[in-house]
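# sequence first, predicted model second:
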Amino acid sequence: MTETLWYAGRGTGVVSLVLLTIVVALGIGARSGRTAFGLPRFAVNMLHRNAALLALVLLAGHVGSLYFDPYAQLRLVDVVLPFTGAYRPFWLGLGTLGFDLILALVASSLLRHRLGARSWRIVHWLAYLCWPVALMHGLQTGSDGDSWWLRTVLALCAALVLAAVAWRLSSPFTQFPARVTRRVRALQETR
Amino acid sequence: MSHLHIDWTACDGRGLCAELLPELLAEDDWGYPVARHGKTQPTVPRHLEDVARRAVDRCPALALRLVNDPS
Amino acid sequence: MTNLLDGPADGRLDTHLDHHGRPPVLNAPQLVAQLRAAGLTGRGGAGFPTWRKVDAVLRAGGTPVVVANGAEGEPFSGKDRALLTYQPHLVLDGLQLAARALGARTAHLYTGPASADGVRAALTARRGTGLDPIPVTVTVAPDTFIAGEESAAVAAVSGRPAVPADKQRRITEAGVGGAPTLVQNVETLAQIALIARHGPDWFRSAGTPDEPGTFLATVSGAVVDPGVVEAGHGVRLGELIAAAGGPTAPLQAVLIGGYHGGWAPARRDLEISRAALAPLGASPGAGIVRALPANECGLVETARIAGYLAGEVAGQCGPCINGLPRLAGTMADLARQRARPGLPAEVARLAAMVTGRGACRHPDGTARMIISALRTFEADVAAHLAGRCLASASGGVRR
């Protein structure tokens, strides 16, 4: 039983990290305003959202299984407050921090219409902090950090996000290169 | 009945709404949504209301609204 | 017939009171009833019935805010400035009348830099007279075309940049600070001050039965004595031109309603009213009449105005910030006889594309003015496509 929890904890952790990577890559890619892989933009948008929700579910499994796992010895406070754990507090804390950030990202996105575009966008910038935090947590916290397979997975994750950034920066921002971006003219008030 | 209201001060022309509602919206020369049938605030027929709601929900700029018309 | 420009034009309070007397105090139902009976419409350009707007603010409930709008971004208009310079107390009387009737606790006067000092002096003169029970805050409008748009005025008096806002909620329901807000052009408020004193029947003695009352017209262009004149709705174009000293040259066309208005042939008997101008795609708007002499090219002037309007885009709305420069550029090609097959059709397509697709009516007004030019200068459009210009052929200069 305890072995199961340990394996479940590690497995869900890795898979949710892969999913988060896909979410981040899709998010960065979607911002280019172009279509990719022949997918319409709304489909990319839905994929981004659904992968994020799935990642959250797996992350709940990751945290839950390790919370009940007698070896990990997680306390409730470790799940919420970062950098308070007994075991590798910094690297475990990164995981807690990432979890909190994801909760904020998902909650703000679900409440996007209430929050308004500006507040939502500010919170969403946290994704750029969340993903590297999760990556470092994955590399340094568990017992698999030295294994070739985990290193390969993490390297592929990093490569995917870097590729998305490169794609986003490589060519015109939209498929309408003649478009003038909206920007409110600075109006000089004469008083 | 209801109609689509576009907040032009928020619309970034990302194009999701025109993809989701090709019956009502097209893209203009610069990728901003434009009503296919003359009216600038297109009326949404009943059978498209669900997909219109999805377009409103998915608009990255929160620029789209479905407004109920008083009958 | 003159009402607004009647009496002393020195801007002084004592002469104003000698001539007009103190304004009466009306309650809300009285104000609405008088405005409805008078048939007063907004003089800022849109021509919306004033009583309806007042009524909408009343129905919204809560403590409303009243804004006098004297921001005149339109280059061919000078009537708001003239009114605020020569008759500021009529405007301030009207502002107080409306604010008191509505139960407002704050009132704003929003005006261009040229009139601000005069208005402040007028407000100072009224201190201690009991004429201004509701405090008036003066906000200076930036010198931009769209600064006078209703939601831009609301933004400006709220301390935000003077650019239009999305109108999901009406300003009469949620304007300044979220309060129901009545924004009225300064001329409209001055008319309210006169209607309250003399009654709706007196007001209706000028104008037409459908469009009663007088309006201020700014007549400019090829006229001897350009300036602001007052006339009843339905006045003939010839009379307005004569009031401005008559034409300096044979006239080809007039731009009525300003940069967002419409071109019409310069017929002496052309009636200046909404009803008569509607078939031409024009309207009196804010009372602007610009006379174009026969030897000036209407397409060149239209392209110049379109270029100016494209430069006055606030920058908030994608179709406008992209569409207006393209529309103006295409119009300029046509004006400069850079013949391309399909140029007029492209102008018409772009005009239709931008119409109705902005937070304010800036794209609509620009498109309407351009379309009216294609119609009014139809013969010249054909000539330009053939590499000629009728206006310059008549001895004019090519600019």
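Thanks, I have it. Numbering: from 1, shown residues only, chains lettered A, B, ... in the order given.
# tell me how far the nearest residue to residue C:131 once chain neighbours are set aside lies from residue C:108.
Nearest residue to residue C:131, sequence neighbours excluded (CB to CB, 6 or more residues apart in numbering or on different chains): residue C:96, at 6.7 Å. Heads up, the C-betas are built off the backbone N, CA and C, glycines and all. Noted for residue C:96: a distance of 12 Å to residue C:108, by CB to CB, to the nearest Å.
# which strands and helices lie in contact with the helix or strand hosting residue C:351?
Remark: residue C:351 resides in helix C:343-354, with elements defined by DSSP states H and E. Where contact means 3 or more CB pairs under 8 Å, 6 or more residues apart in numbering or on different chains; DSSP states H and E, helix C:343-354 is packed against helix C:318-335, helix C:362-376, helix C:378-385.
# quick one: buried residues of the longest one?
For helix C:318-335, a neighbour-count test (16 or more other CB atoms under 10 Å in any protein chain shown) marks C:318-328, C:330-335 as buried.
# the shortest one too?
For helix C:378-385, the neighbour count (16+ other CB under 10 Å) marks C:380-381, C:383-385 as buried.
# what's the most distant pair in those residues?
Spanning the widest gap among those are C:380 and C:385, at 9.7 Å by CB to CB.
# other residues contacting stretch C:377-386?
C:253, C:263, C:297-299, C:302, C:334-335, C:337, C:339, C:343-344, C:374, C:389-391, C:393 (CB atoms under 8 Å, 6 or more residues apart in numbering or on different chains).
# helix, strand or coil: sort out residue C:45 for me.
coil (DSSP: H, G, I helix; E, B strand; the rest coil).
# number of nearby residues for it?
23 (other CB atoms under 10 Å in any protein chain shown).
# so who does it touch?
Contacts of residue C:45 (CB under 8 Å, 6+ apart): C:185, C:257-258, C:260, C:285-286.
# just among these, which is most surrounded?
residue C:257 (31 neighbours).
# isn't it right next to residue C:281, touching?
No. Using CB atoms under 8 Å, residue C:257 makes no contact with residue C:281, being 10.1 Å away.
# what ranges of chain A fall below the confidence cut-off?
Applying pLDDT under 70 to chain A flags residues A:1-2, A:32-34, A:36-37, A:72, A:85-87, A:142-145, A:171-175, A:177, A:185-191.
# can you show me the helices along it?
With DSSP state H as the criterion, chain A has helices at A:2-30, A:41-68, A:76-80, A:89-110, A:112-115, A:117-124, A:127-140, A:148-170.
# list the buried residues for the first one?
To tie it back to what came earlier, the one meant is helix A:2-30. So helix A:2-30, judged by 16+ other CB under 10 Å, has buried residues A:5-6, A:8-10, A:12-30.
# contact residues of chain B facing chain A?
Counting by CB under 8 Å from any CB of the partner chain, the residues of chain B close to chain A are B:10, B:12-16, B:19-20, B:29-31, B:55, B:57-58, B:60-62.
# kindly recompute the last result at 7 Å.
By the rule CB under 7 Å from any CB of the partner chain, the part of chain B lying against chain A is B:10, B:13-16, B:19-20, B:30-31, B:58, B:61-62.
# find the residue closest to the residue of the stretch 151-300 of chain C found nearest chain B in space, skipping its chain neighbours.
Nearest residue of the stretch 151-300 of chain C to chain B, counting by CB to the nearest CB: residue C:166, 4.2 Å away. Spatial nearest neighbour of residue C:166, excluding adjacent residues (CB to CB, 6+ apart): residue B:7 at 4.2 Å.
# the strands in the stretch 151-300 of chain C, which residues?
Secondary structure of the stretch 151-300 of chain C (DSSP state E, counting those that start in this stretch): strands at C:181-185, C:214-221, C:227-232, C:235-236, C:251-256, C:262-265, C:271-272, C:288-293.
# just these: most buried one?
For those, average neighbour numbers computed from mean count of other CB atoms under 10 Å in any protein chain shown are highest in strand C:181-185, which has a mean of 28.
# name the strands paired with that one and say parallel or antiparallel.
Paired neighbours of strand C:181-185 in the sheet (DSSP bridges): strand C:65-70 (parallel).
# need the residues that contact the partner strand.
With CB atoms under 7 Å, 6 or more residues apart in numbering or on different chains as the test, strand C:65-70 has contacts from C:44, C:80, C:84, C:91, C:95, C:98-99, C:102, C:104, C:106-112, C:115, C:148, C:153-154, C:157, C:175-177, C:179, C:181-186, C:189.
# can you pull out the low-pLDDT segments for chain C?
For chain C, the ranges with pLDDT under 70 are C:1-2, C:393-399.
# show me which residues of it sit near chain B.
C:165-166, C:168, C:316-319, C:322, C:353, C:356-359.
# export the helices of chain A to a markdown table and tack on distance to residue C:123?
Putting the helices of chain A into a markdown table (distance: least, CB to CB, whole Å) gives the following:
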| stretch | distance to residue C:123 |
| --- | --- |
| helix A:2-30 | 54 |
| helix A:41-68 | 54 |
| helix A:76-80 | 59 |
| helix A:89-110 | 47 |
| helix A:112-115 | 42 |
| helix A:117-124 | 37 |
| helix A:127-140 | 53 |
| helix A:148-170 | 55 |
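# tell me which of those sits nearest to chain C.
Closest among the helices of chain A, once you apply CB to the nearest CB, is helix A:117-124, at 12.1 Å.
# in chain C, what residue comes closest to chain B?
Nearest residue of chain C to chain B: residue C:356, at 3.2 Å (CB to the nearest CB).
# wait, does stretch A:105-115 contact chain C?
No. Judged by CB under 7 Å from any CB, stretch A:105-115 makes no contact with chain C; its nearest approach is 13.2 Å.
# in that stretch, which residues are buried?
In stretch A:105-115, counting by 16+ other CB under 10 Å, buried: A:105-106, A:108-109, A:112, A:115.
# got the phi and psi for residue B:14?
Torsion angles at residue B:14 (phi, psi; degrees, to the nearest 10) stand at phi -80, psi -20.
# not counting its neighbours along the chain, what's nearest it?
residue B:60 (5.1 Å).
# that neighbour: what secondary structure?
Per three-state DSSP, residue B:60 ends up coil.
# next, count neighbours for it.
21.
# tally of neighbours for residue 38?
By default, I'm working from chain A. Residues lying near residue A:38 (other CB under 10 Å) number 6.
# try again with chain C
24.
# does it touch residue C:195 like I think?
Yes. Taking CB atoms under 7 Å as the definition, residue C:38 is a contact partner of residue C:195 at 4.9 Å.
# quick check: neighbours shared by those two?
Joint contacts of residue C:38 and residue C:195 (CB under 7 Å, 6+ apart) are residue C:203.
# let's have the strands of the stretch 151-300 of chain C in a markdown table, adding distance to residue A:69.
Below are these laid out as a markdown table (distance: least, CB to CB, whole Å):
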| stretch | distance to residue A:69 |
| --- | --- |
| strand C:181-185 | 62 |
| strand C:214-221 | 82 |
| strand C:227-232 | 85 |
| strand C:235-236 | 90 |
| strand C:251-256 | 80 |
| strand C:262-265 | 78 |
| strand C:271-272 | 86 |
| strand C:288-293 | 79 |
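# quick one: closest of those to residue A:89.
Among those, strand C:181-185 sits nearest to residue A:89 (CB to CB), with 56.5 Å.
# CA atoms only: put the closest one into PDB for me.
Provided in PDB are the C-alpha atoms of strand C:181-185 (Å, rounded to 0.1, in the frame of the first residue of the first chain):
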ATOM      1  CA  THR C 181     -25.000  61.600 -15.700                       C
ATOM      2  CA  LEU C 182     -26.600  64.200 -17.900                       C
ATOM      3  CA  VAL C 183     -24.100  65.500 -20.500                       C
ATOM      4  CA  GLN C 184     -25.400  68.400 -22.400                       C
ATOM      5  CA  ASN C 185     -23.800  70.700 -24.900                       C
END
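# what ranges of chain B fall below the confidence cut-off?
B:71.
# who in it is up against chain C?
B:5, B:7-9, B:11, B:13, B:28, B:30, B:32, B:34, B:40, B:65.
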